[in-house]
Structure formats: structure tokens, C-alpha cells
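In: next come a sequence and a model predicted from it.
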Amino acid sequence: MVITALSPEPAKKALEALCLPAVAALQEVITQAAGSSQQFNANQYVNHPEAVADAFRNIWPILKAVFDQRAWDMLTMERLCRACKYAVRTCGRSMGVTIGDMLQVVQLQYQLHHQSCFLYLSSEVIKVFGSDPSCANYLGALITSLFSHTISLLKTIQDFTSRPDIADDCFLLASRCIRYCPHLFVPSTIFPSLVDCAMTGITIQHREACTSILTFLNDIFDVATSIGGKKYRSVIDNIIFPRAASLTRILIGSLAGALPESRMEQVISVLMSLTRVYGMQVVTWGQEAISLVPSVAITDGERSNFLGALSSAASASGANSLAIIGSLEELSDVCRRNKTVQEMVQGALQPLRLTLTVAP
């Protein structure tokens, strides 16, 4: 706070002095086998972008050496990525060419060591630089590199379960891309594969990872209906339509017991968003899915109420959204009323098995 109150030149000198202990500790990391995980967050509370950028450029060779030599060390990488995140947030475009060097390191080390902290550092980069046309080339390369490698790590629901940190940070990053650089992300060749990956992981039981995936899907439908996102609608349609019936069935399966009740609000939100975009077609996809459930599990009346709720949501004719949500929650309650019914419904809809066969 004291440095922030200084004028630019004294602030620069004070920040350099403040960095010295952390720099010394980082140099020890390079020279000692056991290394220290000293945290370099001197820039966290300093609001002088150019001074922080100068300090960061000066110590970047040391930081890069730590990245190169200690990338296997999760604790060190988490702290180092956090420090870089604060630098990106504080400096913004004052970072200059250093940001490109940093992103090259992130791409390389993520491929080698699969640390999720590289993904959340990249999320901050996307937030700050996503709309900057001068950054389009290296951000496009970053998006393709990080998501391609993540998709190779998350091929099955078991993969998601074993690495929920990767899944969580991957789809947090994907949401950032949707919001801050859709012009780079939505038309990219990696986007359809990431949608497939999201469908594979919807039923993960890890709360944060599941929420990130559902939020990403919601963001896709939000951008498709936004004023600024109309230009992406045809691209999104071409991706979603071939997958829509499977996605609807997975969402209904999640609603009907594949996910805990605590996740129902997010699942319903995605289903409503899908319906808002594709209207009565979602009712058709929903009917195909719900017809698979035997009548001993849900009655024709309960089935009809569920489809009626989807139809009301699709018509958007001033229908009571609370009543619609209530009808969807009612189906969830019916399908969970006892273990036998829940197993019967899940056996019919097979959302877990379906997610394993979605990708072409």
C-alpha cells in the first residue's frame, strides 16, 4: 500500500528492493536440488502497472529457470503461477513481449507435467488480453495447445474423476474464452472436441468440476442468444445439433439421479438454456429420452408433466418460470424416490455410458 502511494519512479525503486528477498530465494531454487517454494507475490498489492512490469521483466529469466527446473513440483508451480497471475492482472498490456515468452513456457510445461495451475494462469491472461487484436495469434495458439492436451487427458468419466482439478480449471478457462475472446475460440477447430469433452464429464461427482462444466455449456447458449454473439450462432448450431439429442438425454439422466440433488439448479439451468435456444426441438429430444424410461418407474402423467414443462419453456409465452422449474424438480424427485426406481431410470437413460460414446 505504501508503494502504491508513491509516484512512478520512487515506486519502481521501492518495488525492486521489495523483490530482492524473493529473487534470492528463487535463485536458491535453481541452484539447490531440494529447492525452496518461496512465494513471489511482491506485486500483489502494488498498483503501479509499469513499475510492476519492469520488475517482472527483470526477474523473468529467473522465473523461467524455475519453471524449467521445477515444473514437476506442484507447490512451487502453484505459487509461481499465482505470482504471474498477479503480474498479469496488475500490468495488463504494460507487460509487453514478456507475456508471449511466459505463454510459451506455460504451453510447454503443461504438456510435460499436467499441472492445473497453468490453466488458471492462462485464464487470467485470457481475461486481460482476450479482446486485444495484437494478441490474437499467440492467444489462438495457447487455446489450441492447452485444450488439445487437456482433451487427451480427459477421455472418459474415470479420467475426469481422477483429475477433477484439471477438469475444473479447463472449463473455467473455456468459460473465460467464451466471454473474452469468442472470436478466437468458437470458430476454432478445438471447440467441437471440447464440447464432446464437456459432455463426457457432465456426470462427474466433484462439485466444482461439475459446476465448471455446466457453466461452460450455459455460456455457449448465452453467447448464441446474445446480441454480440449472433455471428457465432451458425457455428454453434453446427456443433450442437449433431450432439443435441445425446446432450438432452445426459441432462435428463443427470436430473433423474446421475448427479446429486445439490447440482439440480445448475442442470436445470442448462436444460432451460438449451430450450431457450432451440425451442420445441428440445421437447422432441426430451421425448425421445424420457420414452426410454419404463412406465413402472414414472407414470404417463409424470412423463407428460415433464414434457409440458419443456414445452412451456420453449414457447416463452410468459409462462411462469418457477412453475416450469418446479415441474422439472418434480421429475427429479420421482426418479429418486427409492434406490430401485433410481437404478431403473439410470439403466434406461444410461447417461454415464452415453458420455463415453459421444465423440465421433
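Out: Arrived safely, thanks for sending. Residues are numbered from 1 along each chain as shown.

In: got any ranges where the stretch 101-250 of the chain has weak pLDDT?
Out: Low-confidence segments of the stretch 101-250 of the chain, defined by pLDDT under 70: none present.

In: in it, which spans are helices?
Out: 117-129, 136-153, 157-162, 164-180, 182-185, 191-201, 207-225, 233-253 (DSSP state H, counting those that start in this stretch).

In: buried sites along the helix or strand following the longest one?
Out: Reading on from helix 233-253 to the C-terminus, the next helix or strand found by DSSP states H and E is helix 264-278. When neighbours are counted by 16 or more other C-beta atoms under 10 Å, the buried residues of helix 264-278 are found to be 264, 266-278. (Each C-beta comes from the backbone N, C-alpha and C, glycine too.)

In: against residue 234, how distant is residue 307?
Out: As for residue 307, its distance to residue 234 is 28 Å (criterion: C-beta to C-beta, to the nearest Å).

In: which SSE is residue 340 in?
Out: Assigned by DSSP H and E, residue 340 belongs to helix 339-349.

In: give me the buried positions along that helix.
Out: Within helix 339-349, judged by 16+ other C-beta under 10 Å, the buried ones are 341, 342, 344, 345, 346, 348, 349.

In: circling back to that earlier point, closest to residue 114 among the buried residues of helix 264-278?
Out: Taking C-beta to C-beta as the measure, residue 266 is the one of the buried residues of helix 264-278 closest to residue 114, at 26.5 Å.

In: need the contact list for residue 290.
Out: For residue 290, the contact set (C-beta atoms under 8 Å, 6 or more residues apart in numbering) comprises 252, 298, 303, 306, 307.

In: nearest residue to the middle of the chain?
Out: In the chain, the residue lying closest to the centroid (C-alpha atoms, centre = their mean) is residue 171, at 1.5 Å.

In: quick one: it from residue 291, how far?
Out: Distance from residue 171 to residue 291, counting by C-beta to C-beta: 31 Å.

In: mind giving me the packing neighbours of the helix holding residue 340?
Out: Here helix 339-349 touches helix 233-253, helix 321-335, going by 3 or more C-beta pairs under 8 Å, 6 or more residues apart in numbering; DSSP states H and E.

In: just name the most buried of those helices.
Out: Across the helices and strands packed on helix 339-349, the average number of neighbours (mean count of other C-beta atoms under 10 Å) peaks for helix 233-253, which reaches a mean of 19.

In: quick one, that one and helix 264-278 angle?
Out: For helix 233-253 against helix 264-278, the angle by axes from the mean of the first three to the mean of the last three C-alpha atoms, to 10 degrees is 140 degrees.

In: and helix 233-253, how far from the chain's centre?
Out: Centroid displacement of helix 233-253 relative to its chain, using C-alpha atoms, centre = their mean, to the nearest Å, is 18 Å.

In: quick check: angle from that helix to helix 321-335?
Out: Using the same axes, to 10 degrees, helix 233-253 lies at 50 degrees relative to helix 321-335.

In: show me what helix 233-253 is packed up against.
Out: Under the contact rule (3+ C-beta pairs under 8 Å, 6+ apart), helix 233-253 is packed against helix 191-201, helix 207-225, helix 264-278, helix 280-290, helix 339-349, helix 351-355.

In: related to what we said a few turns ago, distance to residue 61 added to the helices of the stretch 101-250 of the chain, as a markdown table?
Out: As requested, the helices of the stretch 101-250 of the chain are exported to a markdown table (distance: least, C-beta to C-beta, whole Å):
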| stretch | distance to residue 61 |
| --- | --- |
| helix 117-129 | 18 |
| helix 136-153 | 20 |
| helix 157-162 | 36 |
| helix 164-180 | 27 |
| helix 182-185 | 29 |
| helix 191-201 | 34 |
| helix 207-225 | 34 |
| helix 233-253 | 41 |
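
In: tell me which of those sits nearest to residue 260.
Out: Closest approach to residue 260 among the helices of the stretch 101-250 of the chain is made by helix 207-225 (8.2 Å; C-beta to C-beta).

In: what are the buried residues along stretch 56-67?
Out: In terms of neighbour count (16+ other C-beta under 10 Å), stretch 56-67 has its buried residues at 56, 57, 59, 60, 62, 63, 66, 67.

In: how about stretch 126-144?
Out: Of the residues in stretch 126-144, 126-131, 135, 138-140, 142-144 count as buried by neighbour count, 16+ other C-beta under 10 Å.

In: same check on stretch 107-118?
Out: Residues of stretch 107-118 classed as buried by neighbour count (16+ other C-beta under 10 Å): 107, 109, 110, 114, 115, 116, 117, 118.

In: which ones are touching the fourth one?
Out: Shown in contact with residue 114 (C-beta under 8 Å, 6+ apart): 149, 153, 163, 166.
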